[in-house]
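Novice: got a sequence here, can you build the structure:
(one chain, ligands or ions: 1)
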Amino acid sequence: MNKKRITFASKIGIVAAAAGSAVGLGNIWRFPSQAADGGGALFIFLYIGCILFFGIPLMMGEFIIGRAGRANPSRSFEKLAPNTSWKWVGLLGVITGFLILGFYMVVCGWTLDYIVQSITGQLMTTENFRDNFFELQQSPFRQIAWMFLFTSLTAFFILAGVKKGIEQSAKILMPVLFLLLLMLGIRSITLSGAQEGLFFLFKPSMEHVKSTIFLDAVGQAFFSLSIGMGCMTTYGSYFRDDTNLRKTSVQVSLLDSMVAVLAGIVIFPAAFALTQSPDTIVSTLVAGGPGLLFITIPELFHHLPLSSLWASMFFVLLGIAALTSTISLMEVVTTYLHEEFQMLRSRAIILLSIGVAMLGIVSSVIPQFFNLLDFATAKIMLPLGGLFTSLFIGWYLDKNILRAQITNNGSLNISIGFIKGYVFILRYVAPAAIGAIFIYGLLF
Ligand code: PFF
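Specialist: This next block holds a predicted model:
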């Protein structure tokens, strides 16, 4: 099984596929609304702290487990820790992935709806972008139809195979999305009145701080990096033997955080500059919730020449970023079903799509269910998955395997001091911090 397992073909393809999983609606849709909800700058600093202190080490940890195990998350744990309960951590990840898909697909559906609205020119002629979004939210049938379509699209790409489907699409389109966001960011900060938005983003204030801010930031960091649920473990299992795991985790994490911060730079200055009543801006933002992106972005485009063209491009690219993430989420569950139940991949994908669509229907009709899935996955299951992964590497994993994975069997020149520091972080720092944040976040 080890020898035959498919691997990603090129080095750039590896980074692009992992970055394709990480960069998605989590960065461009969820990050701004979480940042608004968390009161702005303080949330963002905590989020960046989480990425640096446990996001990057944990991503590298998942790569290590995946490449050493060369199987789905559950089986990789089982191979590295035979006859122990660690395999349940892998299974927890698989379940988390399934539940994330249950609300994520709905937002993917909104994206498809906005693609069509932009291309037909209808979006830019709407009077009120807020009402336009609420109309969509109040139309379960429309949401369900788009969600179905996106689920089928994802299934199609996975059926096309690991290399062709994931690698090729991610390699070309991620840089285009980045450039477009960069241009939009420049437009947004040069609007008159944009300054307030930049203050909100980068100048910490204690005014709107909530007691759950730490857990919110950890949850967002894990969600955005696709860690805590075995997704990077699954991708790690496809890595080549000469892939530099340390470098890849740093590259992917930095790229991912850059996109999130860039999305903030697009959304907040525009929201502050373009909203008519400055008094209510913060409360509007805070209440923006899941709709923030779908309200502010069209407003920003409305102030540009060729608005429909830009809007179409934006939502198409957003849809593609979302697709590379849904592919990775589905891949985790598919590989699990395929390897654990000897199910044909095609059958696993169809079964999974039906399950996801059912969850998606409930999420479309009952917003509380949507919020529950978001809350349970990002704020409970991912932090728990991250905590267990870090304990596994810090305390359990054979250090010879760890060293062999980090140095690619001695061929990379990585100091022993680095490896010791790495183990220290995953043994003590990350579990203590994640554990404390988790308990504090849930109790207060
Ligand atoms: N990281 C993706 C995003 O930010 O949109 C979402 C995601 C993908 C979460 C894959 C978890 C995962 F395993």
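Novice: where does the stretch 51-200 of the chain come near the ligand, residue by residue?
Specialist: Residues of the stretch 51-200 of the chain lying near the ligand by CB under 6 Å from any ligand atom: 97, 100. The way it works is simple: take the backbone N, C-alpha and C, and place the C-beta from them, glycine included.
Novice: low-confidence ranges in the stretch 51-200 of the chain?
Specialist: 161-167, 169-170 (pLDDT under 70).
Novice: helices of the stretch 51-200 of the chain, start to end?
Specialist: 56-69, 73-80, 87-119, 129-137, 140-159, 168-189, 195-202 (DSSP state H, counting those that start in this stretch).
Novice: could you measure from the residue lying closest to Ser312 once chain neighbours are set aside over to the ligand?
Specialist: Using CB to CB, 6 or more residues apart in numbering and skipping residues adjacent in sequence, the residue nearest Ser312 is Ser118, 4.1 Å away. Using CB to the nearest ligand atom, to the nearest Å, Ser118 is found at 21 Å from the ligand.
Novice: now the chain against the ligand: closest residue?
Specialist: In the chain, the residue that lies nearest the ligand is Gly26 (2.1 Å; CB to the nearest ligand atom).
Novice: on the three-state scheme, that residue is what?
Specialist: Secondary structure state of Gly26, per DSSP: H, G, I helix; E, B strand; the rest coil, is helix.
Novice: burial measure for the closest residue in space to it that isn't next to it in sequence, as a count.
Specialist: In space, and not counting its chain neighbours, Gly26 is closest to Ser224: 4.3 Å by CB to CB, 6+ apart. Neighbourhood size, Ser224 [other CB atoms under 10 Å]: 28.
Novice: surely Ser224 touches Ile28?
Specialist: No: when contacts are counted by CB atoms under 8 Å, Ser224 is not listed as touching Ile28 (10.0 Å).
Novice: please enumerate the shared neighbours of the two.
Specialist: The contact sets of Ser224 and Ile28 overlap at Ala260 (CB atoms under 8 Å, 6 or more residues apart in numbering).
Novice: before we move on, the earlier item: got the contact list for the residue nearest to Ser312?
Specialist: So Ser118 contacts 124, 308, 311-312, 314-315 (CB under 8 Å, 6+ apart).
Novice: reformat the residues you listed as TSV; add distance to Val365 and secondary structure.
Specialist: Output for these, formatted as TSV (distance: CB to CB, whole Å; DSSP: H, G, I helix; E, B strand; the rest coil):
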residue	distance to Val365	secondary structure
Met124	29	helix
Ser308	31	helix
Ala311	28	helix
Ser312	29	helix
Phe314	28	helix
Phe315	24	helix
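Novice: just send those residues back as a markdown table, with neighbour count too.
Specialist: As requested, these are exported to a markdown table (neighbours: other CB atoms under 10 Å):
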| residue | neighbour count |
| --- | --- |
| Met124 | 20 |
| Ser308 | 19 |
| Ala311 | 24 |
| Ser312 | 22 |
| Phe314 | 25 |
| Phe315 | 25 |
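Novice: so which bits of stretch 147-164 are buried?
Specialist: 147-148, 150-151, 153-155, 157-158, 162-163 (16 or more other CB atoms under 10 Å).
Novice: ok, stretch 83-91 next?
Specialist: 86-87, 89-91.
Novice: can you tell me what sits against that stretch?
Specialist: By CB under 8 Å, 6+ apart, stretch 83-91 touches 72-78, 80-81, 230, 233, 336, 385, 388-389, 392, 396.
Novice: are stretch 244-261 and the ligand in contact anywhere?
Specialist: No: Stretch 244-261 stays out of contact with the ligand when judged by CB under 6 Å from any ligand atom, the minimum separation being 7.3 Å.
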